[in-house]
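S.K.: Kindly generate the corresponding structure for this input.
(one chain, ligands or ions: 1)
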Amino acid sequence: MIQKSGGEGMQRGVSQWLRRLAGWGDIIFAAECPLCQRSTAQELCQDCWTQVERCRWTHPVRETESPSIFAWGHYRGALKQTIAALKYDQHRQLARPLGRWLAQSWLTQTQHPRNLMVVPIPLHISKQKERGFNQAELVGRPFCEFTRLPLEPQGLIRSRATEAQFHLSPEAREQNLSAAFELGTLRDRTQRAVLLLDDIYTTGATTRAAIQVLQRSNIPVYGIVAVARAGDPGKNFPPSSPFPVKPPAYK
Ligand SMILES: [Zn+2]
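M.R.: Okay, the predicted model is just below:
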């Protein structure tokens, strides 16, 4: 039998201690607001939540658009920061309140059929591997839990990697995205109309490309829901006074 040396024992003790410390670290970080780093028991602290609420549209749907586009908030300020923290800083827990708020607003502010299925706008596999998740799918899970609609995370596939869109002109965006999508599991599930879900709606080029694929396959598209929408607020000017200060209850 080989006797453990004192050095090995000490090494093992130190590594156990470091693992335990890492565990405590998770707890400490989990209790920190991702936007302002103040301690909180919620996904966002009370102050940041109030700031996000100020980005909420008063009229989330514009009646003239078809298919209809429902966006929870204006893509700016604290809402923009929250989406960035989710996507780029690995704060996946933020998808939960965003999905719940989107669902609560959508349920109370729209008339909609029950026979819908929710399809998140997919990322290309290389982007999803790099990020580790698709934020639209993460938001889609609580959205579907709350609305009780089925989620079809692989309904569409992004078959072509597209370069970053933000610096492109509208024409170049359309060009960049044409033929970017193809049908995934929706090939076998066409009994329901599709509700597309994305984190941000900007020019609509991405969703138009997705809709083209669905329409070519005679799959009806009911509409689009997005956490945030960019652009001129117009009559949708966000409220100047904060909404009820208490965050909506979510489990
Ligand atoms: Zn905060």
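
S.K.: and this protein, which residues reach the ion?
M.R.: For the chain, the contact set with the ion under C-beta under 5 Å from the ion comprises C33, L35, C36, C45, C48. For the C-beta atoms, the positions are set from N, CA and C on the backbone; glycine is no exception.

S.K.: are any of those residues buried, and which?
M.R.: Buried subset of those (neighbour count, 16 or more other C-beta atoms under 10 Å): C33, L35, C45, C48.

S.K.: List the beta-bridge partners for the residue nearest to Q215 when sequence neighbours are not counted.
M.R.: Nearest residue to Q215 in three dimensions, chain neighbours excluded: V221, at 6.9 Å (C-beta to C-beta, 6 or more residues apart in numbering). For V221, the beta-bridge partners are V194 (DSSP bridges).

S.K.: ranges for the strands of the stretch 51-200 of the chain?
M.R.: Assigned by DSSP state E, counting those that start in this stretch, the strands in the stretch 51-200 of the chain fall at 68-74, 116-120, 156-158, 181-183, 193-201.

S.K.: Please produce JSON lines containing those, extended by mean pLDDT and mean neighbour count.
M.R.: Converted to JSON lines, the strands of the stretch 51-200 of the chain look like this (pLDDT from 0 to 100; neighbours: other C-beta atoms under 10 Å):
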{"stretch": "strand 68-74", "mean pLDDT": "93", "mean neighbour count": "23"}
{"stretch": "strand 116-120", "mean pLDDT": "96", "mean neighbour count": "24"}
{"stretch": "strand 156-158", "mean pLDDT": "94", "mean neighbour count": "22"}
{"stretch": "strand 181-183", "mean pLDDT": "92", "mean neighbour count": "19"}
{"stretch": "strand 193-201", "mean pLDDT": "96", "mean neighbour count": "23"}
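
S.K.: Neighbours of the spatially closest residue to A71 that is not a sequence neighbour, how many?
M.R.: What sits nearest to A71 in space, not counting adjacent residues and going by C-beta to C-beta, 6+ apart, is R229, at 3.4 Å. Counted with other C-beta atoms under 10 Å, residues neighbouring R229 total 24.

S.K.: ok, so what distance separates the residue of the stretch 51-200 of the chain found nearest the ion from C36?
M.R.: Of all residues in the stretch 51-200 of the chain, the one sitting closest to the ion is Q51 (8.1 Å; C-beta to the ion). Q51 sits 9 Å away from C36, going by C-beta to C-beta, to the nearest Å.

S.K.: now swap in R92 and tell me
M.R.: Taking C-beta to C-beta, one finds R92 at 19 Å from C36.

S.K.: follow-up on the earlier one: biggest separation within the residues of the chain next to the ion, which pair?
M.R.: Taking C-beta to C-beta as the measure, the residues of the chain next to the ion reach their widest spread between L35 and C45, a distance of 7.6 Å.

S.K.: domain ranges for this structure?
M.R.: 7-41, 47-233 (automatic domain parsing).

S.K.: so which of those is the most packed in?
M.R.: Mean neighbour count (mean count of other C-beta atoms under 10 Å) peaks for domain 47-233 among the domains of the chain, with a mean of 18.

S.K.: nearest residue to Q51 other than its sequence neighbours?
M.R.: Nearest to Q51 is A78, by C-beta to C-beta, 6+ apart, at 3.6 Å.

S.K.: List the contacts of T202.
M.R.: Applying C-beta atoms under 8 Å, 6 or more residues apart in numbering to T202 gives the contacts Y75, Q165, R229, A230, G231.

S.K.: Rank the residues you listed by pLDDT and give me only the lowest.
M.R.: The pLDDT minimum for these sits at Q165, where the score is 61.
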